[in-house]
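> Fold the stuff below for me.
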Amino acid sequence: MSSLQSLWIVIASLLFSLMGICVKYASDHMTTLELVFYRSLFGFVFIVLITRASIKTLRTGNFSVHCVRAFFGFISLLLFFYAIPHMRLSSTLALLQTSPLFLALLSFVLARDRPRPILLLALFVSFAGMLFVLKPQHDGQMFVYGAAALVAGFTAGCAYYNVRRLGVLQEGGIRTVFYFTLICTLLSAVPLLLSDDLAPYSHPKLLWALAVGLTATFGQLALTRGLHYGQTVVSSAMMYSSILFAGGFEYLLWETIPDAAAWFGITLIIVSSICALQFSRPKFIAKPITEPIAEPIAKPTAKSTA
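Got it, this is the predicted structure:
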């Protein structure tokens, strides 16, 4: 991975940690489903404005893959935003960042290959790290929020698998984010309209919704570029910088930091996830992507069956 692509991953990590801070503040003004809706809506509008994309540019022959990617991303966002207001952001991100571990496991399952022992060991070590982070014997309700963040990590791993698949299918990053934000907007809008669960309008609500949408969209663009170009192991390692950013913001804003046990658990999660990818790399994940994602791509004549 080049230094430029590493920089894209670090920028994405910084923006996602800022998004988490915005979600914490925004949760005082709106529900979790509203947060997902505004995050997706502002992202969709912003993508359309900055790209000025034509229908021809956004046309795709892989809409079903975009739908699968967006569905898993939607579930991950919903659970992640649900957990953020109730947990330390650094701990929530650590649980979300188990996604590379699930990504490696999922790749083996879909390839119908037997996982290597190192992957099973990494799962065990990561689970131990989760227990240090959550401390379920101290707070049962916190364990529920942590479980939500963990499932968010699993569904994020499923989403990242399909991001890589879209890269193999030569779908540009702009197009990938466009369909993700569009489908997530629709998925969140329908239940909001049916339940009439929209909170009253206020200026703080609008500003926080805008902040969540912009930081998430820029972060998604940076992450998509890094994942399309970068090697999975290195990309995943760089993504853990978001935990450090979150810890720094928590200290600056609230003068709180995770205790030693939580940091130990976070370290176990990071090390086990990186080791799982380093020593258990299926061919699909390791395949390099050389497609320049900023430009429109002609529809390929042959598609990967991965």
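> what stretches of the stretch 151-300 of the chain score poorly on pLDDT?
Counting by pLDDT under 70, the stretch 151-300 of the chain contains low-confidence ranges at 196-201, 224, 227-237, 276-300.
> Report the distance from the helix or strand where residue 37 lies to the chain centre.
Assigned by DSSP states H and E, residue 37 belongs to helix 32-51. Put simply, helix 32-51 sits 15 Å off its chain's centre (CA atoms, centre = their mean, to the nearest Å).
> next one: stretch 252-260
Centre to centre, stretch against its chain (CA atoms, centre = their mean), the figure for stretch 252-260 is 23 Å.
> Helices of the protein, start to end?
3-26, 32-51, 55-58, 63-83, 89-96, 99-110, 117-134, 140-168, 173-195, 203-229, 232-239, 241-254, 260-279, 283-286 (DSSP state H).
> pretty sure residue 34 is in contact with residue 192, am I right?
Yes: with contact defined as CB atoms under 8 Å, residue 34 counts as touching residue 192 (6.8 Å). C-beta: built from backbone N, CA, C; applies to glycine.
> quick one, which of these two is more surrounded?
Each of residue 34 and residue 192 has its neighbours counted (other CB atoms under 10 Å); residue 34 has more, 20 against 15.
> quick one, which of the helices of the chain is packed in tightest?
Mean neighbour count (mean count of other CB atoms under 10 Å) peaks for helix 89-96 among the helices of the chain, with a mean of 28.
> For stretch 253-265, output the C-alpha coordinates as PDB.
This file holds the C-alpha atoms of stretch 253-265, laid out as PDB (Å, rounded to 0.1, in the frame of the first residue of the first chain):
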ATOM      1  CA  LEU A 253     -14.300  16.900  25.300                       C
ATOM      2  CA  TRP A 254     -15.300  14.900  28.400                       C
ATOM      3  CA  GLU A 255     -12.000  14.300  30.200                       C
ATOM      4  CA  THR A 256     -12.700  10.500  30.200                       C
ATOM      5  CA  ILE A 257     -10.600   7.700  28.900                       C
ATOM      6  CA  PRO A 258     -11.100   3.900  29.000                       C
ATOM      7  CA  ASP A 259      -9.600   2.100  31.900                       C
ATOM      8  CA  ALA A 260      -6.700  -0.300  31.700                       C
ATOM      9  CA  ALA A 261      -8.900  -3.400  31.300                       C
ATOM     10  CA  ALA A 262     -10.800  -1.800  28.400                       C
ATOM     11  CA  TRP A 263      -7.500  -0.800  26.600                       C
ATOM     12  CA  PHE A 264      -6.300  -4.400  27.100                       C
ATOM     13  CA  GLY A 265      -9.500  -5.700  25.500                       C
END
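> which outside residues touch it?
21, 88, 90-91, 94, 128-135, 247, 250-251, 266 (CB atoms under 8 Å, 6 or more residues apart in numbering).
> same thing but 6 Å
Residues from elsewhere that reach stretch 253-265 (CB atoms under 6 Å, 6 or more residues apart in numbering): 88, 90, 91, 129, 132, 133, 250, 251.
> repeat for stretch 203-218
The contact list for stretch 203-218 (CB under 6 Å, 6+ apart) reads 15, 18-19, 22-23, 25-26, 29-30, 38-39, 42-43, 46.
> Identify, from the residues you listed, the entry nearest to residue 163.
residue 43 (15.3 Å; CB to CB).
> Isn't that closest one up against residue 181?
Yes: judged on CB atoms under 6 Å, residue 43 makes contact with residue 181 at a distance of 4.0 Å.
> ok now stretch 156-166, how far from the chain's centre?
Counting by CA atoms, centre = their mean, stretch 156-166 comes out at 10 Å from the chain centroid.
> same deal with stretch 155-165?
Chain-centre distance of stretch 155-165: 9 Å, with CA atoms, centre = their mean.
> then it to CSV, C-alphas only?
Taking C-alpha atoms only, stretch 155-165 is exported to CSV below (Å, rounded to 0.1, in the frame of the first residue of the first chain):
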residue,chain,number,x,y,z
THR,A,155,-22.7,-6.7,9.3
ALA,A,156,-20.0,-4.2,8.5
GLY,A,157,-17.7,-7.1,7.6
CYS,A,158,-20.5,-8.4,5.2
ALA,A,159,-20.7,-4.9,3.7
TYR,A,160,-16.9,-4.6,3.2
TYR,A,161,-16.9,-8.0,1.5
ASN,A,162,-19.3,-6.6,-1.0
VAL,A,163,-17.3,-3.4,-1.4
ARG,A,164,-14.4,-5.5,-2.4
ARG,A,165,-16.6,-7.5,-4.7
